[in-house]
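Enquirer: what's the 3D shape of this:
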Amino acid sequence: MTVLVFLDPAHDDGTVADASRPQLMATDLGATRGDGIFESMLAVGGTPRKEQAHLDRLAASAAALDLTVPGAGAWSRAIRTGLREFAAAEPDRTHAVVKLIATRGVEGAGSATAWVQVSPVPASTLAQRATGLRVLFLERGYDSTVAQRAPWLLMGAKTLSYAVNMAAVRYARAHGADDVIFTSSDGKVLEGPTSTVLLAYDRDGRKTLLTPQLESGILAGTSQSALFAAAKEQGWELGYGPLEPHHLLEADAVWLISSIRLLAPVLSLDGQDLRTSTALTAELAELVDRFV
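Expert: As a prediction, the model looks like this:
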(Lines give C-alpha, C1' and ligand atoms only; values in the text may rest on other atoms or scores of the structure.)
Protein backbone atom coordinates (compact mmCIF):
# COMPACT_ATOMS: atom_id res chain seq x y z
CA MET A 1 0.00 0.00 0.00
CA THR A 2 1.43 3.35 -1.08
CA VAL A 3 -0.28 6.70 -0.51
CA LEU A 4 0.46 9.77 -2.63
CA VAL A 5 -0.51 13.29 -1.61
CA PHE A 6 0.34 16.11 -4.01
CA LEU A 7 0.81 19.56 -2.54
CA ASP A 8 -1.76 21.80 -4.16
CA PRO A 9 -2.32 25.53 -3.45
CA ALA A 10 -6.04 24.97 -4.06
CA HIS A 11 -6.28 22.32 -1.33
CA ASP A 12 -4.66 23.14 2.00
CA ASP A 13 -4.28 19.52 3.07
CA GLY A 14 -3.01 18.30 -0.30
CA THR A 15 -4.66 16.17 -2.97
CA VAL A 16 -4.67 12.37 -2.61
CA ALA A 17 -3.72 10.60 -5.85
CA ASP A 18 -4.02 7.00 -6.99
CA ALA A 19 -0.55 5.48 -6.64
CA SER A 20 -1.45 2.70 -9.07
CA ARG A 21 -1.95 5.22 -11.90
CA PRO A 22 0.62 7.46 -13.69
CA GLN A 23 0.86 10.82 -11.93
CA LEU A 24 4.08 12.50 -13.11
CA MET A 25 4.41 14.27 -16.48
CA ALA A 26 7.04 12.72 -18.75
CA THR A 27 8.54 16.19 -19.20
CA ASP A 28 9.00 16.77 -15.48
CA LEU A 29 12.61 17.76 -14.82
CA GLY A 30 12.74 15.42 -11.86
CA ALA A 31 12.29 12.52 -14.29
CA THR A 32 14.36 13.83 -17.19
CA ARG A 33 17.28 15.33 -15.25
CA GLY A 34 16.98 14.21 -11.65
CA ASP A 35 16.56 17.90 -10.82
CA GLY A 36 14.93 17.89 -7.41
CA ILE A 37 15.23 17.08 -3.74
CA PHE A 38 13.75 14.66 -1.24
CA GLU A 39 13.63 13.63 2.40
CA SER A 40 12.74 10.30 4.01
CA MET A 41 11.47 10.05 7.57
CA LEU A 42 10.05 7.35 9.79
CA ALA A 43 6.53 7.59 11.17
CA VAL A 44 5.51 5.54 14.21
CA GLY A 45 1.88 5.25 15.27
CA GLY A 46 0.91 7.93 12.78
CA THR A 47 3.48 10.44 14.09
CA PRO A 48 6.47 11.45 11.93
CA ARG A 49 9.85 11.33 13.69
CA LYS A 50 12.17 14.37 13.55
CA GLU A 51 9.74 16.17 11.25
CA GLN A 52 11.17 19.64 11.81
CA ALA A 53 14.73 18.46 11.24
CA HIS A 54 13.71 16.92 7.93
CA LEU A 55 11.77 20.01 6.89
CA ASP A 56 14.77 22.19 7.75
CA ARG A 57 17.09 19.99 5.69
CA LEU A 58 14.60 19.98 2.80
CA ALA A 59 14.62 23.78 2.86
CA ALA A 60 18.43 23.83 2.91
CA SER A 61 18.58 21.47 -0.07
CA ALA A 62 16.06 23.63 -1.94
CA ALA A 63 18.17 26.71 -1.27
CA ALA A 64 21.30 24.93 -2.56
CA LEU A 65 19.45 24.11 -5.80
CA ASP A 66 17.82 27.55 -6.04
CA LEU A 67 14.52 25.67 -6.08
CA THR A 68 11.29 27.23 -4.83
CA VAL A 69 9.21 24.65 -2.94
CA PRO A 70 6.13 24.83 -0.69
CA GLY A 71 6.59 26.02 2.87
CA ALA A 72 6.88 23.84 5.94
CA GLY A 73 3.20 24.23 6.86
CA ALA A 74 2.02 22.87 3.52
CA TRP A 75 4.36 19.89 3.82
CA SER A 76 3.17 19.16 7.37
CA ARG A 77 -0.48 19.19 6.34
CA ALA A 78 0.19 16.87 3.40
CA ILE A 79 2.18 14.53 5.66
CA ARG A 80 -0.77 14.21 8.02
CA THR A 81 -3.16 13.61 5.16
CA GLY A 82 -0.91 10.84 3.89
CA LEU A 83 -0.56 9.24 7.29
CA ARG A 84 -4.34 9.29 7.85
CA GLU A 85 -4.91 7.60 4.49
CA PHE A 86 -2.20 5.05 5.20
CA ALA A 87 -3.60 4.24 8.66
CA ALA A 88 -7.06 3.74 7.19
CA ALA A 89 -5.71 1.35 4.55
CA GLU A 90 -3.15 -0.42 6.77
CA PRO A 91 -4.51 -0.29 10.34
CA ASP A 92 -2.17 -3.02 11.60
CA ARG A 93 1.03 -1.29 10.48
CA THR A 94 2.55 0.94 13.14
CA HIS A 95 5.64 2.02 11.15
CA ALA A 96 5.73 3.80 7.79
CA VAL A 97 8.20 5.49 5.49
CA VAL A 98 7.28 9.09 4.68
CA LYS A 99 9.02 10.64 1.67
CA LEU A 100 8.87 14.31 0.77
CA ILE A 101 9.72 14.88 -2.90
CA ALA A 102 10.00 18.09 -4.91
CA THR A 103 11.16 18.50 -8.50
CA ARG A 104 11.74 21.59 -10.61
CA GLY A 105 8.51 20.66 -12.33
CA VAL A 106 7.45 20.36 -15.94
CA GLU A 107 10.03 21.90 -18.24
CA GLY A 108 9.05 25.48 -19.00
CA ALA A 109 6.24 25.63 -16.42
CA GLY A 110 8.30 27.48 -13.82
CA SER A 111 6.76 25.78 -10.77
CA ALA A 112 7.77 22.82 -8.67
CA THR A 113 6.04 19.46 -8.51
CA ALA A 114 5.79 18.38 -4.87
CA TRP A 115 4.29 15.37 -3.17
CA VAL A 116 4.35 13.18 -0.07
CA GLN A 117 4.60 9.41 -0.37
CA VAL A 118 3.73 7.07 2.52
CA SER A 119 4.56 3.37 2.32
CA PRO A 120 5.43 0.42 4.58
CA VAL A 121 8.95 -0.04 5.96
CA PRO A 122 10.63 -2.77 3.85
CA ALA A 123 11.21 -6.04 5.66
CA SER A 124 14.81 -6.08 4.39
CA THR A 125 15.47 -2.80 6.16
CA LEU A 126 14.25 -4.19 9.48
CA ALA A 127 16.37 -7.31 8.98
CA GLN A 128 19.59 -5.34 8.45
CA ARG A 129 19.01 -3.44 11.67
CA ALA A 130 18.82 -6.75 13.54
CA THR A 131 21.51 -8.79 11.78
CA GLY A 132 24.11 -6.15 10.95
CA LEU A 133 25.93 -5.22 7.75
CA ARG A 134 28.92 -6.33 5.73
CA VAL A 135 30.34 -3.16 4.17
CA LEU A 136 32.83 -2.20 1.46
CA PHE A 137 34.92 0.95 1.27
CA LEU A 138 34.41 2.60 -2.15
CA GLU A 139 36.09 5.78 -3.34
CA ARG A 140 33.69 8.56 -4.23
CA GLY A 141 36.18 10.22 -6.60
CA TYR A 142 36.40 13.63 -4.90
CA ASP A 143 38.79 14.88 -2.25
CA SER A 144 37.47 15.93 1.15
CA THR A 145 37.70 19.67 0.41
CA VAL A 146 35.71 19.70 -2.82
CA ALA A 147 32.45 20.80 -1.16
CA GLN A 148 34.09 24.03 -0.06
CA ARG A 149 35.72 24.67 -3.45
CA ALA A 150 32.83 23.61 -5.69
CA PRO A 151 29.39 24.27 -4.15
CA TRP A 152 27.73 23.55 -7.52
CA LEU A 153 28.43 19.85 -6.90
CA LEU A 154 25.70 20.00 -4.21
CA MET A 155 27.64 17.64 -1.92
CA GLY A 156 25.63 18.63 1.16
CA ALA A 157 22.19 18.61 -0.48
CA LYS A 158 19.78 15.65 -0.58
CA THR A 159 19.00 15.61 -4.29
CA LEU A 160 17.11 13.15 -6.48
CA SER A 161 20.35 12.33 -8.33
CA TYR A 162 20.96 9.05 -6.49
CA ALA A 163 22.05 6.91 -9.46
CA VAL A 164 25.66 6.77 -8.22
CA ASN A 165 24.56 5.90 -4.68
CA MET A 166 22.37 3.05 -5.90
CA ALA A 167 25.11 1.82 -8.25
CA ALA A 168 27.45 1.64 -5.27
CA VAL A 169 24.97 -0.49 -3.31
CA ARG A 170 24.51 -2.81 -6.29
CA TYR A 171 28.29 -3.13 -6.60
CA ALA A 172 28.53 -4.06 -2.93
CA ARG A 173 25.85 -6.72 -3.25
CA ALA A 174 27.50 -8.16 -6.36
CA HIS A 175 30.68 -8.54 -4.30
CA GLY A 176 29.17 -10.23 -1.27
CA ALA A 177 28.47 -7.18 0.90
CA ASP A 178 25.35 -5.32 2.02
CA ASP A 179 26.31 -1.66 1.93
CA VAL A 180 29.04 0.89 1.29
CA ILE A 181 31.04 3.53 3.10
CA PHE A 182 32.40 6.14 0.71
CA THR A 183 35.93 7.49 1.08
CA SER A 184 37.43 10.61 -0.47
CA SER A 185 40.34 10.54 -2.89
CA ASP A 186 42.57 11.89 -0.10
CA GLY A 187 41.67 9.00 2.19
CA LYS A 188 38.97 10.40 4.48
CA VAL A 189 35.86 8.50 5.57
CA LEU A 190 32.69 10.16 4.25
CA GLU A 191 29.25 8.50 4.50
CA GLY A 192 27.10 5.64 3.27
CA PRO A 193 24.93 5.99 0.16
CA THR A 194 21.88 6.41 2.40
CA SER A 195 23.37 6.68 5.88
CA THR A 196 25.79 8.36 8.28
CA VAL A 197 28.85 6.62 9.73
CA LEU A 198 29.24 6.29 13.50
CA LEU A 199 32.01 4.67 15.54
CA ALA A 200 32.64 4.33 19.23
CA TYR A 201 35.53 3.83 21.62
CA ASP A 202 34.91 2.51 25.13
CA ARG A 203 38.24 2.86 26.89
CA ASP A 204 39.10 3.33 30.58
CA GLY A 205 35.51 4.16 31.47
CA ARG A 206 35.21 6.86 28.79
CA LYS A 207 32.77 6.34 25.96
CA THR A 208 33.36 8.38 22.81
CA LEU A 209 31.07 8.58 19.78
CA LEU A 210 32.49 9.90 16.52
CA THR A 211 31.23 10.75 13.03
CA PRO A 212 32.90 12.25 9.93
CA GLN A 213 33.09 16.03 9.74
CA LEU A 214 30.46 17.82 7.68
CA GLU A 215 33.10 19.95 5.97
CA SER A 216 34.24 16.84 4.08
CA GLY A 217 31.19 17.16 1.83
CA ILE A 218 28.67 14.82 3.43
CA LEU A 219 24.98 15.20 4.07
CA ALA A 220 24.11 16.38 7.58
CA GLY A 221 22.46 13.38 9.23
CA THR A 222 19.26 14.15 11.13
CA SER A 223 19.42 10.85 13.03
CA GLN A 224 23.11 11.28 13.83
CA SER A 225 22.45 14.78 15.13
CA ALA A 226 19.57 13.67 17.36
CA LEU A 227 21.56 10.70 18.67
CA PHE A 228 24.57 12.89 19.46
CA ALA A 229 22.38 15.24 21.49
CA ALA A 230 20.92 12.32 23.45
CA ALA A 231 24.30 10.63 23.96
CA LYS A 232 25.85 13.85 25.26
CA GLU A 233 23.17 14.03 27.95
CA GLN A 234 24.13 10.48 28.95
CA GLY A 235 27.78 11.41 29.41
CA TRP A 236 29.23 10.34 26.07
CA GLU A 237 32.09 12.36 24.61
CA LEU A 238 31.52 13.39 21.00
CA GLY A 239 33.84 13.89 18.04
CA TYR A 240 33.57 15.02 14.43
CA GLY A 241 36.50 13.59 12.46
CA PRO A 242 38.36 13.86 10.25
CA LEU A 243 38.28 10.08 10.13
CA GLU A 244 40.32 7.63 8.08
CA PRO A 245 39.60 3.94 7.42
CA HIS A 246 42.00 2.78 10.13
CA HIS A 247 39.90 4.58 12.76
CA LEU A 248 36.94 2.32 11.90
CA LEU A 249 39.13 -0.79 11.96
CA GLU A 250 40.46 0.17 15.41
CA ALA A 251 37.08 1.17 16.93
CA ASP A 252 35.17 -0.84 19.51
CA ALA A 253 32.03 -0.67 17.34
CA VAL A 254 30.90 0.85 14.04
CA TRP A 255 27.37 1.56 12.83
CA LEU A 256 25.49 3.07 9.93
CA ILE A 257 22.54 5.20 11.01
CA SER A 258 19.66 6.56 8.94
CA SER A 259 16.10 7.70 9.46
CA ILE A 260 14.41 4.49 8.29
CA ARG A 261 16.88 1.70 9.04
CA LEU A 262 17.99 3.49 12.22
CA LEU A 263 21.09 2.00 13.92
CA ALA A 264 22.66 -0.95 12.08
CA PRO A 265 25.95 -2.52 13.31
CA VAL A 266 28.77 -2.91 10.80
CA LEU A 267 30.18 -6.43 11.09
CA SER A 268 32.99 -6.25 8.53
CA LEU A 269 34.79 -3.80 6.25
CA ASP A 270 36.30 -5.06 3.00
CA GLY A 271 36.02 -8.59 4.39
CA GLN A 272 37.86 -7.79 7.63
CA ASP A 273 35.82 -8.52 10.74
CA LEU A 274 35.29 -5.58 13.07
CA ARG A 275 34.90 -5.43 16.81
CA THR A 276 31.24 -5.30 17.76
CA SER A 277 29.67 -4.53 21.11
CA THR A 278 26.26 -5.83 22.08
CA ALA A 279 26.28 -3.53 25.12
CA LEU A 280 27.13 -0.35 23.18
CA THR A 281 24.66 -1.21 20.43
CA ALA A 282 21.89 -1.82 22.97
CA GLU A 283 22.65 1.44 24.79
CA LEU A 284 22.65 3.53 21.63
CA ALA A 285 19.66 1.70 20.13
CA GLU A 286 17.68 2.57 23.26
CA LEU A 287 18.58 6.25 22.78
CA VAL A 288 17.62 5.99 19.11
CA ASP A 289 14.23 4.55 20.03
CA ARG A 290 13.61 7.33 22.54
CA PHE A 291 15.03 10.38 20.80
CA VAL A 292 15.50 9.58 17.10
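Enquirer: find the nearest non-adjacent residue to residue 83, please.
Expert: Closest residue in space to residue 83, ignoring its immediate chain neighbours: residue 46 at 5.1 Å, by CB to CB, 6 or more residues apart in numbering. Backbone N, C-alpha and C define where each C-beta goes, glycine included.
Enquirer: tell me the buried residues in stretch 9-24?
Expert: Across stretch 9-24, burial judged by 16 or more other CB atoms under 10 Å covers 13-14, 16-17, 24.
Enquirer: before we move on, the earlier item: pull up the gap between the residue nearest to residue 83 and residue 80, please.
Expert: From residue 46 over to residue 80 the distance is 8 Å, taken as CB to CB, to the nearest Å.
Enquirer: which parts of the stretch 151-292 of the chain are strands?
Expert: Here the stretch 151-292 of the chain has its strands, by DSSP state E, counting those that start in this stretch, at 179-183, 196-203, 206-210, 237-239, 253-258, 262-269, 272-273.
Enquirer: kindly report the same for the stretch 1-150 of the chain.
Expert: 3-8, 11-17, 36-44, 47-48, 95-103, 113-120, 133-139.
Enquirer: now the shortest one: average pLDDT?
Expert: Summarised as a single mean, pLDDT over strand 47-48 is 96.
Enquirer: next, count neighbours for residue 251.
Expert: Using other CB atoms under 10 Å, residue 251 has 23 other residues around it.
Enquirer: how is this protein divided into domains?
Expert: In terms of domains, the chain is parsed into 3-121, 126-291 (source: automatic domain parsing).
Enquirer: what about the first one, start to end distance?
Expert: End-to-end distance of domain 3-121: 13 Å, with CA to CA, to the nearest Å as the criterion.
Enquirer: so which of the strands of the stretch 151-292 of the chain is nearest residue 89?
Expert: strand 262-269 (24.3 Å; CB to CB).
Enquirer: tell me the strands beside that closest one, with direction?
Expert: Here strand 262-269 is paired, per DSSP bridges, with strand 133-139 (parallel), strand 253-258 (antiparallel), strand 272-273 (antiparallel).
Enquirer: avg pLDDT for the first one?
Expert: In this model, strand 133-139 has a mean pLDDT of 98.
Enquirer: give the buried residues for that strand.
Expert: By 16+ other CB under 10 Å, the buried positions in strand 133-139 come out as 133-136, 138.
Enquirer: orientation of it relative to strand 179-183 in degrees?
Expert: Angle of strand 133-139 versus strand 179-183, following axes from the mean of the first three to the mean of the last three CA atoms, to 10 degrees, is 30 degrees.
Enquirer: same question for the second one.
Expert: Going by the same axes, to 10 degrees, strand 253-258 is angled at 100 degrees with respect to strand 179-183.
Enquirer: just want the angle from strand 253-258 to strand 196-203.
Expert: Using the same axes, to 10 degrees: strand 253-258 against strand 196-203 is 150 degrees.
Enquirer: give me the contact list for strand 253-258.
Expert: 133, 135, 179, 181, 192, 194-200, 202, 221, 223-224, 227, 248, 263-266, 269, 274-277, 280-281, 284, 288, 292 (CB atoms under 8 Å, 6 or more residues apart in numbering).
Enquirer: repeat that for 6 Å
Expert: 192, 194-196, 198-200, 223-224, 248, 263-266, 274, 276-277, 280 (CB atoms under 6 Å, 6 or more residues apart in numbering).
Enquirer: and the residue nearest to residue 83, what are its phi and psi?
Expert: With angles defined as degrees, to the nearest 10, residue 46 sits at phi 80, psi 0.
Enquirer: separation between it and residue 87?
Expert: Distance, residue 46 to residue 87, by CB to CB: 5 Å.
Enquirer: ditto for residue 116
Expert: 14 Å.
Enquirer: go on, residue 222?
Expert: 23 Å.
Enquirer: what about the two, which has more around it?
Expert: Set residue 222 next to residue 87 and count neighbours by other CB under 10 Å: residue 222 wins out with 25 against 18.
Enquirer: mind listing what that one touches?
Expert: By CB under 6 Å, 6+ apart, residue 222 lies in contact with 50, 53-54.
Enquirer: tell me where the stretch 101-250 of the chain has helices.
Expert: For the stretch 101-250 of the chain, the helices defined by DSSP state H, counting those that start in this stretch occupy 123-131, 146-149, 163-174, 222-233, 245-250.
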